[in-house]
Every structure is written in structure tokens, then in C-alpha cells.
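Trainee: The following block contains a protein sequence and its predicted model.
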Amino acid sequence: MKLRTTIFLVIFLLITTSTAYALTITCSLFPVYDFTRAITGNLANVKLLLKPGIEPHEFEPTALDVKALNDSDVFIFTGKTMEGWAERISRSLTHTEIIDASENITLVDNNPHIWLDLEKAQKMLMNIAEKLCVISPENAETFTDNAKSYCSKLAELDEKFYALNKNKSLVFAGEFSAQYFLRRYGFNYISAYEGENEPSIKKLAQVIKFIQQNRTRYIFSEPLNISQVTRSISEETGAEILTFDTCHNVKDENITFLEIMTGNYENVARVLND
């Protein structure tokens with residue numbers, strides 16, 4: 001009986017030891033969360049600070065959030081411009097390593113949505129991997145290999161976006177954060193929104209006129225927030241609403257950044273080829 005108990009305890013210890021995480025990492029937004037879990041695999045417990053559905057521009061950490069960050073080995077955020085609160089909170093973290101994923105990436109017009117340019121997304125991914133290799137050198141080879149593998153997949157999708165026909169303009173009827181994407185791949189576009197303000201009556205009229213004159217069949221909107229402006233444009237013109245997901249946040253944490261951007265590719269290709 002004692003022998004059986006001893007064997008059971010040995011097996012239990014082996015199982016719990018093999019599944020124990022070397023690092024606990026908290027990430028601010030979904031893109032860096034997805035990059036980090038792809039890099040670390042089963043070698044870290046990776047958590048997403050902003051839960052699904054939360055608007056990142058309006059987010060303010062609670063006391064529980066700060067405690068979670070203090071309890072983490074590593075805190076990874078997108079950049080000072082995207083998360084204005086992150087730098088302030090970082091100064092209060094005494095035992096947590098801090099990684100700014102946008103380090104050495106130049107912003108355009110102070111726009112923080114850099115991950116929509118898949119070349120910059122790869123740089124973010126490698127920034128995270130390089131810092132994690134310093135923090136956990138025993139896992140450096142695995143982290144590097146995983147990062148390169150994900151970058152390779154993003155590079156393939158990057159080439160597919162480049163190869164799309166640029167024969168039509170894309171119409172963004174919802175809130176607009178896709179400038180890096182459009183600049184990277186050279187798409188012509190028109191947007192109802194300029195910045196974060198609600199579009200004026202004059203701007204709405206321009207967009208509706210453009211859709212009607214060009215017989216545009218589709219308009220783009222964020223999937224989590226299809227605004228009344230978008231619905232009104234769709235009803236006025238008969239244009240179908242398609243999603244272009246800027247990956248700020250997601251409904252389901254199990255989806256990947258690559259899957260979301262592949263979905264964006266399919267919708268953009270549909271507009272250009274239909």
C-alpha cells in the first residue's frame with residue numbers, strides 16, 4: 001500500500017512539474033498577447049489584461065489589474081502612444097520586467113496601430129522574443145524558433161496583400177484605424193471618419209455620393225462595434241457591411257492574430273475581385 005502511494009506521489013509530482021510555467025506574463029492588448037503566446041508556447045502562462053469587448057482607448061487599470069501586473073514576471077504592452085497608462089503603471093512595478101513591443105519602430109503621425117502593417121507586426125514579435133530571451137535564457141532557442149516561425153507566416157500573408165489588385169477603392173464606414181495597413185499595401189480608400197470624431201453631415205454625404213457613383217457594393221466596419229453611422233450608410237446605399245478587424249480586441253481569446261488578418265485578407269480580396 002505504501003509502495004502504491006509513493007508511486008502515485010512520484011507520478012503526480014512529475015505531471016505538475018512538467019506543466020508548471022516558467023514565466024507568468026501579462027499583455028495589454030490582443031496583438032502582443034497573441035505574439036507572446038506564440039513565442040512562449042507551453043513555457044509561460046500568458047494573460048490578456050484587456051478582456052474581450054473592452055475598448056482599449058477608454059481603459060484605465062483597476063487596483064486588481066495593478067496587482068495582477070505586480071504578480072507577473074513580465075508585462076508587455078504595445079507602446080506609449082497606444083497605452084498612455086502603461087508607462088505610468090510600469091514605474092510602480094517593482095519586480096516585473098517591462099517590454100515595450102514598439103521599441104525602435106517609427107510611428108507615422110503618432111498613430112499607434114502599427115501591427116496592421118505586417119512588416120511592423122514582425123518587428124514587434126521579434127522585439128518581444130529578443131527581450132524574453134534575455135529574461136529566460138534557458139528558453140532562448142525555443143523562443144527564437146517560435147518567433148521566426150510566426151514571422152514566416154506573417155511574411156507570407158504580407159506578400160498576399162501586396163499581390164491583390166488595386167483596381168478599386170476600399171470604403172471604411174466605421175471608426176477608422178487602418179492607416180498603416182493601407183499605407184503598407186498601397187490601397188486607395190475613402191473613410192467616413194477622420195480621427196475619432198463623428199463624421200460631419202458633409203463628410204457622410206461625400207461618402208454616400210462616392211458609393212453611389214462608383215457602384216460600391218461593400219463597406220468596411222469593425223466587427224465589435226458596427227456604428228449607427230455604418231448602418232445608415234449601408235441602408236442609404238444598399239452596400240453590404242463587411243468586417244475589417246483592426247485587432248484592438250476580440251470576442252474570443254482563442255483566435256489568433258494571423259487568423260484575424262487572414263479574414264481581413266479574404267474580405268478585402270472579395271471587394272477587389274467581385
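Mentor: Here it is on my side, so go on. Numbers count the residues shown, from 1 in each chain.
Trainee: what about the stretch 101-250 of the chain, any weak spots by pLDDT?
Mentor: Residue ranges of the stretch 101-250 of the chain with pLDDT under 70: 195-196.
Trainee: where along it do the strands fall?
Mentor: For the stretch 101-250 of the chain, applying DSSP state E, counting those that start in this stretch gives strands covering 170-172, 189-191, 218-221, 240-243.
Trainee: Save these as CSV, and put in distance to residue 108 and mean neighbour count too.
Mentor: Backbone N, C-alpha and C define where each C-beta goes, glycine included. Listed next are the strands of the stretch 101-250 of the chain as CSV, based on distance: least, Cβ to Cβ, whole Å; neighbours: other Cβ atoms under 10 Å:
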stretch, distance to residue 108, mean neighbour count
strand 170-172, 17, 22
strand 189-191, 15, 18
strand 218-221, 20, 23
strand 240-243, 24, 16
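Trainee: Need those strands in a markdown table (columns: distance to residue 104).
Mentor: Formatted as a markdown table, those follow (distance: least, Cβ to Cβ, whole Å):
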| stretch | distance to residue 104 |
| --- | --- |
| strand 170-172 | 29 |
| strand 189-191 | 28 |
| strand 218-221 | 31 |
| strand 240-243 | 31 |
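Trainee: Looking at the ones you listed, spot the one closest to residue 107.
Mentor: Nearest of those to residue 107, taken as Cβ to Cβ: strand 189-191 at 19.2 Å.
Trainee: what's the closest one packed up against?
Mentor: Judged by 3 or more Cβ pairs under 8 Å, 6 or more residues apart in numbering; DSSP states H and E, the packing partners of strand 189-191 are strand 170-172, helix 201-214.
Trainee: So which of the strands of the stretch 101-250 of the chain is nearest residue 34?
Mentor: Per Cβ to Cβ, nearest to residue 34 of the strands of the stretch 101-250 of the chain: strand 240-243, 17.8 Å.
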